[in-house]
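Undergrad: coords below, sequence missing:
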C-alpha cells in the first residue's frame, strides 16, 4: 500500500503505541513528541491507510548561538523501515524548514 504523510501530530496514545510496537519502549517515551520547547517545531506522521506507522519531529533551537542545533526524533515500525519511511520523514521535515524560512524572509 501507499504511505500517506501528514503534518499533524497524532494523539499521545497512538504515539505511545507506535513506540511500544517499534521496540523502543523503555528508552523512549511518547512525551518527547509533546514537550513544549521554544523554537521552530515541525511534525510529519506516516500512515498505512488508518494505521500510524511512523512519526517524526524536528525542533530547531531559538538561539543557535547557544550551541544547540535542535532535536530530531523519528520512530517507524520495523516492518516499514525497509520502505525508506525514515528518510522520507526526514526529507519532509527539512523541506518544511526551508519553506518556513522562505516565508519568513518574504515578510
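TA: Right, received. Where do you want to start? Since the model is a prediction, treat every value here as computed from it, not as a measurement.
Undergrad: so where do the strands sit in the protein?
TA: Assigned by DSSP state E, the chain shows strands spanning 3-6, 40-48, 51-60, 71-76.
Undergrad: Below-threshold pLDDT in this protein: ranges please.
TA: 36-39, 61-69, 97-107 (pLDDT under 70).
Undergrad: Give me the most central residue, it.
TA: residue 56 (1.4 Å; C-alpha atoms, centre = their mean).
Undergrad: mind checking how far it is from residue 33?
TA: 9 Å (C-beta to C-beta, to the nearest Å). (Glycine included, C-beta is placed from N, CA and C.)
Undergrad: quick one: common contacting residues for the two?
TA: Common contacts of residue 56 and residue 33 (C-beta atoms under 8 Å, 6 or more residues apart in numbering): 43, 73.
Undergrad: was I right about residue 85 contacting residue 47?
TA: No - here residue 85 lies out of contact with residue 47, judged by C-beta atoms under 8 Å, at a distance of 10.4 Å.
Undergrad: Contacts only, for the residue nearest to the centre of the chain.
TA: Residue 56 neighbours (C-beta under 8 Å, 6+ apart): 43-45, 72-75, 86, 89-90, 92-93.
Undergrad: Could I get the residues you listed in CSV, plus columns for neighbour count and distance to residue 19?
TA: Converted to CSV, the contacts of residue 56 look like this (neighbours: other C-beta atoms under 10 Å; distance: C-beta to C-beta, whole Å):
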residue, neighbour count, distance to residue 19
43, 20, 15
44, 24, 16
45, 22, 13
72, 14, 16
73, 14, 10
74, 17, 11
75, 24, 6
86, 16, 15
89, 25, 15
90, 16, 18
92, 18, 20
93, 20, 18
